[in-house]
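Peer 1: test case, fold it:
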Amino acid sequence: MPQDVIERVFEAPSEILDKTVTTSSDLIDRVHGHGYIQKAKNYWRTLGPGLTTGAADDDPSGIATYSQTGAQYGFQLLWLAIFTFPLMAIVQEMCARIGLVTGRGLAGNIRTYFPRWVLYSCAALLFGANTLNLGADLGAMAKATQLLYPKINFEGLVIAFAVVSLSLQIYTTYERYARYLKWLALILITYIFTTLSIPDLDWPGILKSGLIPSLTFSRDQIFLICAILGTTISPYLFFWQTSQEVEEQILEGKTNLSLRREETSDQEIKDMRIDVWSGMFLSNLVMFFIITACAATLFKNGITNIQTAADAAAALKPLAGQNASLLFTLGIVGTGMLTIPILAGSAAYALAESFRWKQGLYRKLKDANAFYGVIIFSMLIGIVLNSVGFDPIKALIYSAIANGLIAPIILALIVYISASKKIMGTRVNTWWVTILGWLIIGVMLLAGLATIASFII
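Peer 2: Take a look at the predicted model:
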């Protein structure tokens, strides 16, 4: 074989390597990059019920509350976003752990360990509060859509949103439906982009208000603080989180209670905590940015009377530009599509477990008529409330009162269950979680009483 041919054969591999990887550090960077991608994929797979529950907390009603907070008080109450984060995460972690360990939803555990009147009272109040909230959210979504397409009929939009939501819950498999909710949670990022698109933000002032609590103790401010606590630590989130952990177990093949009650592994607990704390972090981060956006635009320009999320989106347009208003509006519709099925679904789980009906989104309509019947009935009431011109602000007020009454009671039941060795075995609360749980109950009790008092005095 000629010498020049031999040289070419031996040189070829090095030439190819030179073209694809110029240095050894480039190869290392590529390997590391692949590792980061894999870590990101593993993290995304870990996320589930906690992410969707946290995202559902920022429903159109919550967005309206946060918008009003920023418009009325500027940056003053930004610290609430940081203050409520650990409270919310601790509560939702207890709920998730109850679902993982007991294999039952929250209502199923209350039925097992407490008197029936406690269960029925909680379920009835939850259904009432959720239905009012659902109706208000349907109306908010329709109003937000009309900002983009003014000629579309309001009642038609309400019906359309309700039908789409029902269709996804009834005719989509749970695995696909859970994936849809998970991706829809990312719509919350629009609020971060909305805020970042506002020029000349006072970041030193924003950070100072976020870290240092400030209060004026006025009646309106106390009501807003109570509303924020009520919308971030809400009973429907407790029931949904617990039931979704059970749904995930069923998806993994644990189709009967005995299988679900098998020892929960350390890895399952670790994954659950990552999921829950990530979801609650996203929820409170978005609260922070919504308050910031409205404070930097509406409050700054003297626009302090914001009643709905759609009002905030409309007011942003001349102040922050078309893009900010559009992103805010899309966020209202997207979070509504995420939250409405969760509001209806959490009430359905509570009632179905209370009366021992077959339940679960993994079942088909014909196999769980009563469970899906509650969801359908909730939607119908929400449509009717909007068609008769029921004031959405009043709906939110009444649901806030109901949540103020029910939240401390259900929280007490959650802390009791998650702190009981008889029920939870080795997965019982640590002592500090139990103490924090009771402190949160005290905060919510004060918030509930203050909310009720604000309407009486």
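
Peer 1: when you work out contacts or count neighbours from here on, use the C-alpha atoms and nothing else.
Peer 2: OK.

Peer 1: mean confidence score for stretch 126-137?
Peer 2: Mean pLDDT, stretch 126-137: 87.

Peer 1: what's in contact with that stretch?
Peer 2: Contacts with stretch 126-137, where a contact means Cα atoms under 8 Å, 6 or more residues apart in numbering, come from 59-61, 235-236, 336, 340, 343-344, 347, 378-379, 381-383, 385-386, 392-393, 395-396, 398-400, 402-403, 406.

Peer 1: so of those, which ones are in helices?
Peer 2: Counted as lying in helices by DSSP state H, out of those, are 60-61, 235-236, 336, 340, 343-344, 347, 378-379, 381-383, 385-386, 392-393, 395-396, 398-400, 402-403, 406.

Peer 1: pull out the buried positions in the helix or strand containing Ala160.
Peer 2: Using DSSP states H and E, Ala160 falls within helix 154-171. Buried residues in helix 154-171, counted by 16 or more other Cα atoms under 10 Å: Phe154, Glu155, Leu157, Val158, Ile159, Phe161, Ala162, Ser165, Leu166, Gln169, Ile170.

Peer 1: redo these as CSV? Include distance to Ile192.
Peer 2: Formatted as CSV, the buried residues of helix 154-171 follow (distance: Cα to Cα, whole Å):
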residue, distance to Ile192
Phe154, 28
Glu155, 30
Leu157, 27
Val158, 27
Ile159, 30
Phe161, 25
Ala162, 27
Ser165, 26
Leu166, 29
Gln169, 29
Ile170, 32
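
Peer 1: ok, so of those residues, who is nearest Ser418?
Peer 2: Gln169 (29.7 Å; Cα to Cα).

Peer 1: so how far is Met141 from that closest one?
Peer 2: 18 Å (Cα to Cα, to the nearest Å).

Peer 1: likewise Ile332?
Peer 2: 6 Å.

Peer 1: what about those two, which has more around it?
Peer 2: Neighbour count, other Cα atoms under 10 Å: between Ile332 and Met141, Ile332 has more, with 32 against 27.

Peer 1: would you confirm that that one contacts Ala142?
Peer 2: No. Contact criterion Cα atoms under 8 Å: Ile332 and Ala142 do not qualify, at 9.6 Å.

Peer 1: for the buried residues of helix 154-171, which two are the farthest from each other?
Peer 2: Across the buried residues of helix 154-171 (Cα to Cα), the longest gap, 24.5 Å, separates Phe154 and Ile170.

Peer 1: separation between Ala314 and Leu436?
Peer 2: Distance from Ala314 to Leu436, by Cα to Cα: 40 Å.

Peer 1: do the same with Asp391
Peer 2: Counting by Cα to Cα, the gap from Asp391 to Leu436 is 37 Å.

Peer 1: out of those two, which sits in the more crowded spot?
Peer 2: Using other Cα under 10 Å, the more surrounded residue of Asp391 and Leu436 is Leu436, with 16 against 13.

Peer 1: could I get the pLDDT score of the more buried one?
Peer 2: According to the prediction, Leu436 has pLDDT 93.

Peer 1: tell me which other helices or strands the host helix or strand of it touches.
Peer 2: In the assignment (DSSP H and E), Leu436 maps to helix 431-456. With contacts defined as 3 or more Cα pairs under 8 Å, 6 or more residues apart in numbering; DSSP states H and E, the packing partners of helix 431-456 are helix 79-102, helix 219-232, helix 392-418.
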